[in-house]
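Visitor: can you look at this prediction? I've put the sequence above it.
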Amino acid sequence: MTVCVNCGIELDDELKICPLCGKDPGYIGEQENITKNYPSEIIQLQRKENRRYLWELSAILAFSGIAVCTIVDLLMNKNLKWSLFSDVSISAVWIIFTLFLFVNKKPFILVGTTMLTILAALFFFDLVAAGQQWFFSVGLPLTIAAFFSISIIVILYNAAHFKGLNIIASALLILSGFCIITEMILDEWLKDAVDLRWSLISGISILPVALIFFFYHYRLKKGNRLDGFFHI
Amino acid sequence: MAITAQRFPYFSVSLRSGIFWHFLEFNDQLPRIHVEEEIPCTAFAVNRKNEPLYRVILKGKRISVEFIHILTDGAGALEYLKTLLYTYLTLSGRQISSPGEIILPESPVSEEEYEDGYNKFFQKLPPPAKLVKAWHLPYKRNSRPKLRVVHAEANASQILEISRKLKVSVTEYFVSVYFFSLQKIFASGKEKSKSEKRKVLRIEVPVNMRKIFPSRTMRNFSLFVLPEIDVRLGTYTFEEILNSVHHQLQISADVKQISRFLSSNVSSEKLLIVRLMPLIIKKMVIASVYRGLASKRWTGIVTNLGLITLPAEMKDMVDSLEIIPPPPNPNVKVNCGMVSYNDKLRICFSNITESHELERLIFKHLTDAGIHVKILNND
């Protein structure tokens, strides 16, 4: 007969650890809680540490890249020229990578902050590059449209009980919508007038594919009893 | 299993979504047979078409059935399990000449077994008194795996003898021990905030409505009573708790009192505005009402399936029976289920916290009272 000396309760003889206190039932005094960490928790801890190591490594790589580009540009041109673009690109990629590492469980914060990072980089490029100003007329609306489309897909993905062809079909429809918006923005910028052509053709081509995907997906769920379905 | 499933056609359903309500649709697919895993009561994929709402689980010499509560309650699930065992044993060549009250696979299915007890016995009554929020265990919740189950066995005769001596039922005695242990944890807490002090200790004790109303339904037909101890009034001795719990349970389980709970539960679904509300909105409203109100109304749940008897020819083949209560919600944190069979009272705690102090206090109290309690190895 085994009685846990910490809890005073009898245990099955096969139990090596008391399920109530998580300690060795025969040992009195201070001791580590043996059952404190289940394997899955330990794995989670390791993942957390791995993420941290990966982030530190990425920081070293990113800042080395920035330093190398800046020094080479300074040595070759005696001034910062092309390295401005590479430095900003590397910084933006590193920020996005950091976001993916640490806020990957909050999709909307991730999408929002990634969009802001890209917009900031594009604004900087437009500011530094000589020639036509394109950020406010093309870069900003296109980026917002792209991220808006991605957000809708994320929402649909989270809301769907059955994730399958329905998500792909919805993504295709959203893509055709994005094509139309892209053509409108480009037309407005280049010709000052909207004349939809290629986006409509691509949209019409995508539509039957999406419908077929929807059909296959929801055909499997067919057979709802109508009286139950519409019962009040 | 196919033979047993045919005898219980009302369990052969899957959950479907309509525009206004979920509904159960007949589904002739047999439930899945699973190998028992470490964590019991894992979620059912109820949204998958033709997904049965119960399953049979096997491990070594142990057979378990898991039911979604919308299908039936503990009493209904137990009837199914008994028939399943009977069918299994007879198919294995065992002669069971007097099966007693077991539902035989070849017996005809009665219309009464299908009935919706809640609607049948519904009558419009004044709602029960409003309840203040209950105090909850202060322990931190586990990270994954969230659920940990403690299995224990107590001597049923000893606990029955003590209960009789105290002139209470086993449920009343055990609920009192539960309250007494909760009170110890409550009292040992650090400086409590004002809102914490306002709360009371309250336990949900499910009641088998078939014992109160004349019904033979196999569908879900259980409600609950809510005995409470108001710790704002001071600390109670065990005898005071026992006396209070005994009277509270006697009064609350009265047919008139329980009818009020039934009325308040059913009347909301009869409201036209609720019926016309699209399902998606209903789901959101019900989820928030449950999270915000219902689940905060009690500190714990103690469900007792009572004394189970099996025919003599089955008794030597069935060593023990056990009920694992459903995983508790994040507020309640610990659920308890118990069942007596073969002079053994099996007590099971489903716990999602890092602490097993409540279980320890309860088992310690029982042990100190002279009841033989043993924590079991579930492997």
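Guide: Arrived safely. Numbers count the residues shown, from 1 in each chain, chains lettered A, B, ... in the order given.
Visitor: so what's the most centrally placed residue in chain B up against?
Guide: The centroid of chain B falls nearest to B:Thr303 when counting by C-alpha atoms, centre = their mean (4.5 Å). Neighbouring residues of B:Thr303 by C-beta atoms under 8 Å, 6 or more residues apart in numbering or on different chains: B:Gly74, B:Val205, B:Pro206, B:Ile323, B:Pro325, B:Asn335, B:Cys336, B:Gly337, B:Met338. In this view, the C-beta of every residue, glycine as well, is placed from N, C-alpha and C.
Visitor: next, it: phi, psi?
Guide: The phi and psi values for B:Thr303, taken as degrees, to the nearest 10, are phi -110, psi 130.
Visitor: so what sits opposite it in the bridge?
Guide: Under DSSP bridges, the beta-bridge partners of B:Thr303 are B:Gly337.
Visitor: related to what we said a few turns ago, mind picking the two most distant members of the contacts of B:Thr303?
Guide: The distance between the two most remote of these (C-beta to C-beta) is 14.1 Å, for B:Val205 and B:Ile323.
Visitor: more neighbours: those two, which one.
Guide: When B:Val205 and B:Ile323 are compared for neighbours, B:Val205 comes out ahead with 24 against 21, by other C-beta atoms under 10 Å in any protein chain shown.
Visitor: from memory B:Arg219 sits against B:Tyr10, does it?
Guide: Yes: counting by C-beta atoms under 8 Å, B:Tyr10 is a contact partner of B:Arg219 at 6.2 Å.
Visitor: common neighbours of the two, please.
Guide: B:Glu113, B:Tyr114.
Visitor: so what's residue 66 closest to, chain neighbours aside?
Guide: Reading this off chain A. Spatial nearest neighbour of A:Ile66, excluding adjacent residues (C-beta to C-beta, 6 or more residues apart in numbering or on different chains): A:Asp87 at 4.8 Å.
Visitor: that's the other chain; I wanted chain B
Guide: B:Glu66 sits nearest to B:Arg55 (C-beta to C-beta, 6+ apart), 5.2 Å away.
Visitor: part of a strand, is that neighbour?
Guide: Yes: looking at B:Arg55 with DSSP: H, G, I helix; E, B strand; the rest coil, it is inside a strand.
Visitor: tell me, how many residues neighbour A:Met76?
Guide: Neighbours of A:Met76 using other C-beta under 10 Å come to 11.
Visitor: any idea how far B:Ser169 is from B:Lys256?
Guide: B:Ser169 sits at a distance of 20 Å from B:Lys256 (criterion: C-beta to C-beta, to the nearest Å).
Visitor: the more surrounded of the two?
Guide: B:Ser169 (18 against 8).
Visitor: taking chain B, what residue is nearest to chain A?
Guide: Using C-beta to the nearest C-beta, the closest approach of chain B to chain A is made by B:Phe23 at 3.7 Å.
Visitor: and that residue, that one's in a strand?
Guide: Yes: counting by three-state DSSP, B:Phe23 is located in a strand.
Visitor: that one reaches B:Ile70, doesn't it?
Guide: No: between B:Phe23 and B:Ile70 there is no contact under C-beta under 8 Å: 10.8 Å.
Visitor: what do the two both touch?
Guide: Counting by C-beta under 8 Å, 6+ apart, the shared contacts of B:Phe23 and B:Ile70 are B:Leu15.
Visitor: between these two, tell me which one has more neighbours.
Guide: When B:Phe23 is set against B:Ile70 and neighbours are counted by other C-beta under 10 Å, the residue ahead is B:Phe23, at 17 against 13.
Visitor: wondering if stretch B:147-156 reaches chain A at all.
Guide: Yes: taking C-beta under 8 Å from any C-beta of the partner chain as the criterion, stretch B:147-156 and chain A are in contact, through B:Arg148, B:Val150.
Visitor: quick one: contacts of that stretch?
Guide: Contacts for stretch B:147-156 (C-beta under 8 Å, 6+ apart): A:19-20, B:39-41, B:142, B:307, B:320, B:322, B:324, B:327, B:340, B:343-352, B:356, B:359, B:363, B:366, B:371-376, B:378.
Visitor: what does stretch B:168-185 give?
Guide: B:135, B:137-138, B:159-160, B:162-163, B:166, B:201, B:203, B:205, B:227, B:229, B:231, B:235-236, B:238, B:241-242, B:245-246, B:249, B:299-300, B:302, B:304, B:336, B:338, B:340, B:345, B:357-358, B:361-362, B:365-366.
Visitor: and those, which are buried?
Guide: B:135, B:137, B:159-160, B:162-163, B:166, B:201, B:203, B:205, B:227, B:229, B:231, B:236, B:241-242, B:245-246, B:249, B:299-300, B:302, B:304, B:336, B:338, B:340, B:345, B:357-358, B:361-362, B:365-366 (16 or more other C-beta atoms under 10 Å in any protein chain shown).
Visitor: so which of the residues you listed belong to helices?
Guide: B:159-160, B:162-163, B:241-242, B:245-246, B:249, B:357-358, B:361-362, B:365-366 (DSSP state H).
Visitor: low-confidence ranges, the chain, go.
Guide: No chain was given, so I picked chain A. For chain A, applying pLDDT under 70 flags the ranges A:28-47, A:162, A:219-232.
Visitor: wrong one, I was asking about chain B
Guide: For chain B, the ranges with pLDDT under 70 are B:46-49, B:190-198.
Visitor: buried sites along the longest helix along chain A?
Guide: In chain A, with assignment by DSSP H, the single longest helix is helix A:39-77. Judged by neighbour count using 16+ other C-beta under 10 Å, the buried positions of helix A:39-77 are A:Ala62, A:Gly65, A:Ile66, A:Cys69, A:Asp73.
Visitor: chain B: strands as residue ranges?
Guide: B:13-17, B:22-26, B:33-35, B:54-59, B:62-67, B:148-155, B:201-208, B:222-225, B:228-229, B:300-308, B:334-341, B:344-351, B:373-375 (DSSP state E).
Visitor: let's have these in TSV, adding distance to B:Phe121.
Guide: Converted to TSV, these look like this (distance: least, C-beta to C-beta, whole Å):
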stretch	distance to B:Phe121
strand B:13-17	22
strand B:22-26	20
strand B:33-35	35
strand B:54-59	25
strand B:62-67	22
strand B:148-155	34
strand B:201-208	13
strand B:222-225	10
strand B:228-229	25
strand B:300-308	21
strand B:334-341	25
strand B:344-351	30
strand B:373-375	38
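Visitor: flag every buried residue along the helix or strand just after the longest helix of chain A.
Guide: Next in sequence after helix A:39-77, counting helices and strands by DSSP states H and E, comes helix A:82-102. For helix A:82-102, burial by neighbour count (16+ other C-beta under 10 Å) applies to A:83-92, A:94-99.
Visitor: out of those, which two sit at the greatest distance?
Guide: Maximum distance among these (C-beta to C-beta): 24.1 Å, for A:Ser83 and A:Leu99.
Visitor: can you list the residues of the stretch 251-379 of chain B near chain A?
Guide: B:275-276, B:356, B:359-360, B:363-364, B:367, B:372-377, B:379.
Visitor: check the gap between B:Ser169 and B:Gly370 for me.
Guide: For B:Ser169 relative to B:Gly370 (C-beta to C-beta), the value is 18 Å.
Visitor: check B:Gly189 too.
Guide: Taking C-beta to C-beta, one finds B:Gly189 at 30 Å from B:Gly370.
Visitor: report the contact partners of the residue nearest to B:Tyr10 when sequence neighbours are not counted.
Guide: The shortest distance from B:Tyr10 to any non-neighbouring residue, by C-beta to C-beta, 6+ apart, is to B:Tyr114 (5.2 Å). The neighbourhood of B:Tyr114, defined by C-beta under 8 Å, 6+ apart, consists of B:Tyr10, B:Thr217, B:Met218, B:Arg219.
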